[in-house]
Structure formats: C-alpha cells, structure tokens
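Student: here is my input; please provide its structure:
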Amino acid sequence: MTSHIIVVLTLLSSGVRDMVTDAGRAYVAGTRPPAVQSAQTAAGPKLSLRHLRPPCPPTPADGRDILIVGDTPAETLTITGQWTHEGDILVINDGVVEVVDAEFLLHGNLWAVDQAAVSVTNSSLTLQQRYLYQYAIFVGGAARFAMGGSTVAANRYPYGFAVMDSSVVRIDSVHYDDFTTYSLFGAPTVDIRHVNLAGEFVVMDSSRCAFADVDTALIWCSMMDGAVIDYAFPPEGPVYGWAFDCSQPGVSGIHYAVVCDSVYHPWWGMFSGAGSDVTIRDSNIRSCGIFFEGAAADTLSGLVDGMSYNDATLPLADRTLRFVNTEVTTISLYPWDFAQVHFSSCILGEVLSMDGSLAFGMQYYLDGTGGHLEASGQAGNVAALAMLTADVLARDQGFVVLASCAQLWGQNWAEDQSKLFMVQTATASLPMAFDGAVVGYEMVTDPSVAPVNGQVPIMGSVWVDCGPDATVDLAGYSVFYEPVEGTRIRIGGGTAEVRSDTLAVWNTTGLAPGTHVIVVEFCDTQGDTLEGFSLIRLEEPAGVEEAAAPSVMLDIGRSAHGVRMVVTTPQSDQVRLSVHDLAGRVVRVPLCGPVAAGTVEVCFEHVASGVYVARLTSGQGEVIMAFTIVR
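Tutor: Below you'll find the model as predicted:
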C-alpha cells in the first residue's frame, strides 16, 4: 500500500485577494505525484547535510557507468598523469586505488567500503559537478582514505564527504578550492591536518574528529535525544587544545568527541533533536539546525536568523533549546523519517526535507545563510508566499513546489527521479532537469491592469521539461476567469508549451471595473496537475483628453522604535492606512481619517518579525506595498 500526503495550499482568503497584485496566488491540490507514490526508497549515492542516513553503494542497476575495483582479490588500480573517469568508482573488499602525481577528473562519486583503501598523493582531484552536491566521496565499513600534498576542487560548488561505520579518513597538507560537507555517523575516525578551508563537519553517533593547523572549519555538534548540555563555546578567534565530549563540564548524553589542537577560524554549529535539553551560553553560533524525526507533526513560527538572545527558549514543544547571551547567525530546519513540519513568519538559512518527510513553509524568507532548499528521498518541500535568496534542489524521488514565491537569487535543479514545480513564482533562473527528473513552470506576467470592454492578451509561460532519462511533457493547460471563488469560466488554453508568449485572450466586455482572478491550470503526462492564480485589475479606459491626476503615495522605512510610514497626498482627502499579515488579518491601522494636502508620518511598533502588506486607500487611488519586519 502506498501512503498519500495531501498537499493543499489555501493561500489567501477572499478578503485579501484585492491586496495581492504582482505576486498573485497559487495552490497545489491533490496527492503526491504518481511517480512519487509508486517509487521505492532511493538508493542513489547523494549526500550533504541533507542526507544524514548511511547511503547505499551504487549498483549497475542504477544505470551508472561504474568502475569497480576489488571484485578480484588484491586488485590495485594506480592512477598517474592525466586521468578522467565518466561515472562512479566503487572500491570494495580489499581493493586499492592509488592516485600518485596525477590530474584526476571524476564525473561521479567515489566509494570505498569493506576493507578497501584509497590514497591520493601529490595530485589534484576535481569533481566535475554541474550543480551543488551533485557528487560526493563515501568511505564506509572498515575502509581507509588518505590524502596528502594535494588539491581538491568541485567546479565552484560544495560537495559531500560521508564517513561511516569504523572507517578512517586522514587529510594532511591539502588545499581545498571549494567547500566540503563532511557527515560522520557510526564510529569513524577523521583526522584533518595542515588544511586551509576544511569545510563543515557534522559529527554524530560515536565519531572521533580531530583538527590540527586548520584555517577554517564549521564544526556541528549534534545534541540529540538524551543529550543534556549547558555549555559556552569558545569566543571568536583561534582555538588551541579545545575538546567537546562527555568529559567536559556541562556536557552529557553524547558519544562522539571533537578535538581541536589548532583551528584559526572556527565556526560553531549545533543540531537540536527531540528529547534533548540544551542551554548555550555566552556564545556565537554560526548555524543552528533543528531536526524533526519519526512521525512527528510540528507547527512553528517566529524563528528568525541573525538574532541576539539575552535569555530565550525557542518555541519547540518536544525539546528544550535555550540561548543565554548568545548570537545565532542562521537557523535551519531538517525534517526526516516521516516527520511533518509546518512553519510560517520565519527567516531561515536552509530548509531540507529527507526520507519521507514534509516541510511546508508559508510566508517566510529563506535567506540562504545556511544553504538552500531541498527535498531528497521521497520527501516533499513546499514553499508558498515565500521569498528566497537561495538555490533550490530536488533529488532522488523527492518533490519541491514553489507557489507564489519570489526568488531574488539562486539556481534551480532537479535530478534522479525527482520533481520540481514553480507556480506563479518569479525566479532568478528557470528550473533545469537532469537524469529522469521533471520540472514544470507556470507564470502569468502581464497585464496587471487592463481595460474593460476589450480583448486582453494574457501573457506568460507554461511548460514542462524532463531529463534525458524521462519522456514527460506538458499534457495541456487551461486559462480561466474566476468571477467568484469556486466558479470558473474557461477563456483559453492548449496542449503546446508557451514560453513568454500569449496564453489566452480574455474578453472583458460587460465586466465591472475592479480586481479579477485569472487561473492557469496545467498538467503533465504523468498526471501531476497544478494551478496558479494571478490578479488583474480592470479599469475604465481614460478619455483622450483626460490627464492623469496626481495620486496618493506611500513610503515605508524604519524608525527608532519600529516602522515608519509616510503618506503623501496632493490634496485634502479621507485616507485609511492598514497593515495586514498575509492571512488577511488586520494587524494595525496607523492612520484613518481626513488629512490635509502634503505629507503625514506615522509610526508603530510591537509587531512580530514577518512579511506584511500595507494598504493605503483614498479618494485619489490605492497603494499596496509589501514589507518585511526583522527583529
């Protein structure tokens, strides 16, 4: 039996429709995509922080070009000079790979398991990635991996390095051009010496991790179920002779150990798990990751990056996470297993859903200070009415939906058999599909204002693409006019994709001036159906000799005590200035009544962090403006 996760985004009440203009509204209704429902758990070798489960080695059935070393006893592969491999390398049993004085270009993953050994000496290793975390190095079982006197690059993207079981990794005198994410689980040993940009290290289970003469490292200390911590991390600057384990005062319930002989630019990170009791004092925390496990269902709001806490406990019902005189640069969310987390009115660094989990975020800002947005395994990640300055990635059989969002910066990828849909979302770059992945895009771009009693072209895009291993396409689309919620009148459509062209022509004869809803529904050939909503304001056409009257203006900024709003009117008028959250609720009415011609300034405070909409109405017109409050 396949389980269904119902994803329903009802983003705006009818009373708020007139307030949302360019962004429009969108929702997705139905079950998980059919391809996701029938898929089995992914076995593809993918990793970042993002995949904190021991992955399975690739097999020929994965369709990859795999070079296997060790299927013959005592087999050794020696690599020298210029050497390129297209695909994964799997070193098994007692196989050995020696890279000596080589320029090694790898278009794939590198695995070492069982009793295998891999050494890289006086060489350059380049992972030829096309996007972030496309490839990784995996060391598991009792394997050994050693690298010395070498350089590592990954085409300007971060890559993963998983160290598992009882394996051993030793890195000595290595220069890294790009960022590395190490994940340690089981009981491995990792020794990093004489390295510039060591990367980030997620230390879990019974791992042992040591650093000496390292320039930069982000060290994540996991504080999971049973951990009881009351601790102050060292201040910014070099650390010498520092350790974090159960022998330290205020630390219990963990089984790993981290030792820093000498790290010159350490960053401190921490993971919070359900069942933990953690107090961090007098510290600068670069990254705080919050795990959601099992079948938990959590609802959150008000988590904000870049906060300085005098004494605060975060609103997490299944654990205690308290900060005292502590600064937290970025907060990130990591649901896994079958957990579901719903969150709103947050400013976050990264949101990654794994396994069969669901992350559902509404009215939040993903600032990218902790990473990106991702769904892997069979997980879902849905963002609605969100703003992003971050990359977006779907992998394995995961699915990502961005609905009525604004992506100011970032790239968008889907790989494996994943799905990525962007609906009525202004994006920094169009989504790309690799492998057997599917991407879909819908956006109404014009017009925002149109005349009544006319033929109005609805301009925009609707299309579906797939990677080379799939044959999915756009099945068709329809454009509707929605006079009242729940009632639709079809005005056009087709089966051919549209890219920045006419979607339909709307006959506005007989319609009343005001704001009207346009719906674009589209479907791919696998049966996934999505809908995007946009708003168009109809107006009476102006007479030939009519001159445009000066209109009322609104400016929003900061004041010493909160938010400052400046209203400018060219003549005396009756005005109303209201502030709403994106659920349509009135938060403040800073100004309501008659005003003289000129400028009026009003201020208000005591409003939580989040995204809000200001609406200024007068006899001269209406102004709608969105703004963000960060505290």
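
Student: just give me the residue closest to the centre of the protein.
Tutor: Per C-alpha atoms, centre = their mean, the C-alpha nearest to the average position across the chain is that of residue 373, at 1.3 Å.

Student: tell me how far that residue lies from residue 311.
Tutor: 31 Å (C-beta to C-beta, to the nearest Å). Every C-beta, even on glycine, is put in place using the N, C-alpha and C of the backbone.

Student: then residue 79?
Tutor: 56 Å.

Student: ok, the two, which is more surrounded?
Tutor: Legend: neighbour count by other C-beta atoms under 10 Å for residue 79 and residue 311, higher for residue 79 (19 against 11).

Student: now name the helix or strand holding the more buried one.
Tutor: For residue 79, the host element (DSSP states H and E) is strand 76-86.

Student: export that strand as CSV, just CAs?
Tutor: This file holds the C-alpha atoms of strand 76-86, laid out as CSV (Å, rounded to 0.1, in the frame of the first residue of the first chain):
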residue,chain,number,x,y,z
THR,A,76,45.1,-2.4,-7.2
LEU,A,77,44.4,0.5,-9.5
THR,A,78,47.2,3.0,-9.9
ILE,A,79,46.4,6.4,-11.4
THR,A,80,49.1,8.7,-12.7
GLY,A,81,49.3,11.6,-15.1
GLN,A,82,46.1,12.9,-16.6
TRP,A,83,43.2,10.6,-15.9
THR,A,84,39.4,11.1,-16.4
HIS,A,85,36.5,8.9,-15.5
GLU,A,86,32.9,9.3,-16.5
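
Student: which strands and helices lie in contact with the helix or strand that that strand is followed by?
Tutor: For strand 76-86, the following helix or strand on the C-terminal side (DSSP H and E) is strand 89-91. In this structure, strand 89-91 makes packing contacts with strand 67-69, strand 96-107, strand 110-112, judged by 3 or more C-beta pairs under 8 Å, 6 or more residues apart in numbering; DSSP states H and E.

Student: strand 89-91 pairs with which strands?
Tutor: Using DSSP bridges, strand 89-91 pairs in its sheet with strand 67-69 (parallel), strand 110-112 (parallel).

Student: with distance to residue 464 and mean neighbour count added, can I get those strands in CSV?
Tutor: As requested, the strands paired with strand 89-91 are exported to CSV (distance: least, C-beta to C-beta, whole Å; neighbours: other C-beta atoms under 10 Å):
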stretch, distance to residue 464, mean neighbour count
strand 67-69, 35, 19
strand 110-112, 34, 27
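
Student: Serialize the ones you listed to JSON lines and add fields for mean pLDDT and distance to residue 221.
Tutor: As requested, those are arranged in JSON lines below (pLDDT from 0 to 100; distance: least, C-beta to C-beta, whole Å):
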{"stretch": "strand 67-69", "mean pLDDT": "95", "distance to residue 221": "35"}
{"stretch": "strand 110-112", "mean pLDDT": "96", "distance to residue 221": "26"}
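
Student: the residue nearest to the centre of the chain against residue 388, yeah?
Tutor: Yes - Residue 373 is in contact with residue 388 according to C-beta atoms under 8 Å; the separation is 6.7 Å.

Student: give me the common contacts of the two.
Tutor: Taking C-beta atoms under 8 Å, 6 or more residues apart in numbering as the contact rule, the neighbours common to residue 373 and residue 388 are residue 366.

Student: distance of residue 224 relative to residue 303?
Tutor: 19 Å.

Student: the more surrounded of the two?
Tutor: residue 303 (22 against 19).

Student: what residues go with each domain of this protein?
Tutor: The chain breaks down by automatic domain parsing into domains covering 14-32+443-539, 88-178, 553-629.

Student: can I get the ones you listed in CSV including distance to residue 289?
Tutor: Shown next, in CSV, are those (distance: least, C-beta to C-beta, whole Å):
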stretch, distance to residue 289
domain 14-32+443-539, 25
domain 88-178, 16
domain 553-629, 20
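
Student: among the ones you listed, which comes closest to residue 272?
Tutor: Nearest of these to residue 272, taken as C-beta to C-beta: domain 553-629 at 20.0 Å.

Student: and the closest one, how far out from the chain middle?
Tutor: In terms of C-alpha atoms, centre = their mean, to the nearest Å, the centre of domain 553-629 is found 32 Å from the chain centre.

Student: now do stretch 452-462
Tutor: Chain-centre distance of stretch 452-462: 33 Å, with C-alpha atoms, centre = their mean.

Student: and for stretch 68-88?
Tutor: Centre to centre, stretch against its chain (C-alpha atoms, centre = their mean), the figure for stretch 68-88 is 36 Å.

Student: dump the helices and strands packed on strand 89-91 to a markdown table, plus distance to residue 623.
Tutor: Supplementary listing: the helices and strands packed on strand 89-91 in a markdown table, determined by distance: least, C-beta to C-beta, whole Å:
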| stretch | distance to residue 623 |
| --- | --- |
| strand 67-69 | 63 |
| strand 96-107 | 53 |
| strand 110-112 | 57 |
